[in-house]
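**Student:** got a sequence here, can you build the structure:
(chains A and B)
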2 protein chains.
Amino acid sequence: MADMDCRSKLIATATPLFAEKGFHGVGVREIAAATGVNLSMISYYFGGKEGLYAAVLNEQFETITRVTELKSMDCDAMEKFELYVRATVARYRKNPYLLRFYTSELTNPTPCFETIVKPAIKGVVQILIETFSDGLSHERFREGLNPTDTVLALAGMINFYFLLEPATGELVDHAQERDEELIRHIMDIFAKGILK
Amino acid sequence: MADMDCRSKLIATATPLFAEKGFHGVGVREIAAATGVNLSMISYYFGGKEGLYAAVLNEQFETITRVTELKSMDCDAMEKFELYVRATVARYRKNPYLLRFYTSELTNPTPCFETIVKPAIKGVVQILIETFSDGLSHERFREGLNPTDTVLALAGMINFYFLLEPATGELVDHAQERDEELIRHIMDIFAKGILK
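**Tutor:** Next comes the predicted model:
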């Protein structure tokens, strides 16, 4: 097995195991056996279970960090907000385990929360706050809105929809085919809620 | 120790243990020892670990189920939505473990998800949908809004604020003293977003 193959395979195998059982619920022997490699490979590539978990989280949160690309984009605040919502939807659709890592790190943090998860989330919220300030300076938004509360409201509208899916699947169609309608609906409420 | 004392103490001790370590991460011996009672008391009162966990979740989600009282209240749709937001804030302030059970059951469900958690969440969302329909029939809301997406957007705005707190505490003041401002802010965006 080539170097990158073995490393990638360990991450790919460990991701669903950590997602389902949590950091403490999975052992290195279990991961090595499920990957079909020798136990020593985990130390060799990651220095141990902590390092492997960090590599898994880095991969999961890398897609969140990519929202920072919005910063340098030449479009107006509402367009950027919509791009953020679209990127969030695409992220959940692409990655079925992200929500588990996201919520478990927020409610039961491991040491990786401070080094990986918190900087990723903070970075996105900061970009959204800057986007809001930019729109405000162009007099697009109503006076008196709190920038952070406003962007957290937007983040909440889209993220919570995915979190609640197991409980609300019988009340609303959560199928991917309806994502475009959902995005337009959220942006419609948000725009009417904050625009002048 | 009187009957109710022992039962209540077991629930009180088990709540933070299950919250921090998850259902599988805690043993009955650990719970009995931490409560200072004989191991057999867990079987006696709850029939085992599953029963004790169900009792913990029932207590946690009882406060959510209380939102159903909104159904019989004589006030208009926007007032009911605000009462829901206020009840949600009060719930998180009163109960530091609710969010952990809530998110872990949604992303890594135990058998209690189907019997306790899902009915509680579905019940609340159904009340909110009925509230929306009531407001719509009184021609208070814009045409074309999807009832479920609209109420999930409101739920997301308030719930996500609490979920993100560990990551955004340096960007926004999450102190209880600011709750009133937060509630008004969310209701302001929501009202402008959906009212005619």
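**Student:** skip the chain neighbours and tell me the closest residue to the spatially most central residue of chain A.
**Tutor:** The centre of chain A sits closest to residue A:64, judged by CA atoms, centre = their mean, with a distance of 4.7 Å. What sits nearest to residue A:64 in space, not counting adjacent residues and going by CB to CB, 6 or more residues apart in numbering or on different chains, is residue A:120, at 4.7 Å. (Glycine included, C-beta is placed from N, CA and C.)
**Student:** ok, the one you found to residue A:196 distance?
**Tutor:** To residue A:196, residue A:120 is 32 Å away according to CB to CB, to the nearest Å.
**Student:** how close does the most far-flung residue of chain A relative to its centre get to chain B?
**Tutor:** Going by CA atoms, centre = their mean, the residue of chain A most distant from its centre is residue A:38, 31.5 Å out. Distance, residue A:38 to chain B, by CB to the nearest CB, to the nearest Å: 28 Å.
**Student:** do the same with residue A:73
**Tutor:** 21 Å.
**Student:** mind checking pLDDT for the residue nearest to that residue when sequence neighbours are not counted?
**Tutor:** Once flanking residues are discounted, residue A:73 sits nearest to residue A:80: 6.6 Å by CB to CB, 6+ apart. Model confidence at residue A:80, expressed as pLDDT, equals 96.
**Student:** what about residue A:80, which helix or strand?
**Tutor:** Per DSSP states H and E: residue A:80 is located in helix A:77-94.
**Student:** just residue A:162 next, same as before
**Tutor:** helix A:147-163.
**Student:** alpha carbons of that helix, as PDB, please.
**Tutor:** Output of helix A:147-163 as PDB, limited to C-alpha atoms (Å, rounded to 0.1, in the frame of the first residue of the first chain):
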ATOM      1  CA  PRO A 147     -24.200  42.300  13.100                       C
ATOM      2  CA  THR A 148     -23.400  39.200  15.000                       C
ATOM      3  CA  ASP A 149     -26.900  38.300  16.000                       C
ATOM      4  CA  THR A 150     -28.000  38.900  12.400                       C
ATOM      5  CA  VAL A 151     -25.400  36.500  10.900                       C
ATOM      6  CA  LEU A 152     -26.000  33.900  13.500                       C
ATOM      7  CA  ALA A 153     -29.700  34.000  12.700                       C
ATOM      8  CA  LEU A 154     -28.900  33.300   9.100                       C
ATOM      9  CA  ALA A 155     -26.500  30.500  10.000                       C
ATOM     10  CA  GLY A 156     -29.100  29.100  12.300                       C
ATOM     11  CA  MET A 157     -31.800  29.000   9.700                       C
ATOM     12  CA  ILE A 158     -29.800  26.800   7.300                       C
ATOM     13  CA  ASN A 159     -27.800  24.700   9.800                       C
ATOM     14  CA  PHE A 160     -30.800  23.800  12.000                       C
ATOM     15  CA  TYR A 161     -32.800  22.500   9.000                       C
ATOM     16  CA  PHE A 162     -30.200  19.700   8.600                       C
ATOM     17  CA  LEU A 163     -29.900  19.000  12.300                       C
END
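**Student:** anything in that helix near chain B?
**Tutor:** Yes. For helix A:147-163 and chain B, the contact criterion (CB under 8 Å from any CB of the partner chain) is met by A:148-150, A:152-153, A:155-161, A:163.
**Student:** where do the helices sit along chain A?
**Tutor:** A:3-25, A:28-35, A:40-46, A:49-65, A:77-94, A:98-107, A:112, A:118-137, A:147-163, A:165-168, A:179-194 (DSSP state H).
**Student:** need those helices in CSV (columns: distance to residue B:182).
**Tutor:** CSV is the format used below for the helices of chain A (distance: least, CB to CB, whole Å):
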stretch, distance to residue B:182
helix A:3-25, 31
helix A:28-35, 42
helix A:40-46, 41
helix A:49-65, 24
helix A:77-94, 20
helix A:98-107, 18
helix A:112, 29
helix A:118-137, 15
helix A:147-163, 6
helix A:165-168, 24
helix A:179-194, 15
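**Student:** for the closest residue to residue A:38 other than its chain neighbours, give its distance to chain B.
**Tutor:** Of all residues not flanking residue A:38 in the chain, residue A:32 sits nearest, at 6.6 Å (CB to CB, 6+ apart). Computed as CB to the nearest CB, the residue A:32 to chain B distance reads 21 Å.
**Student:** thanks a lot, catch you later.
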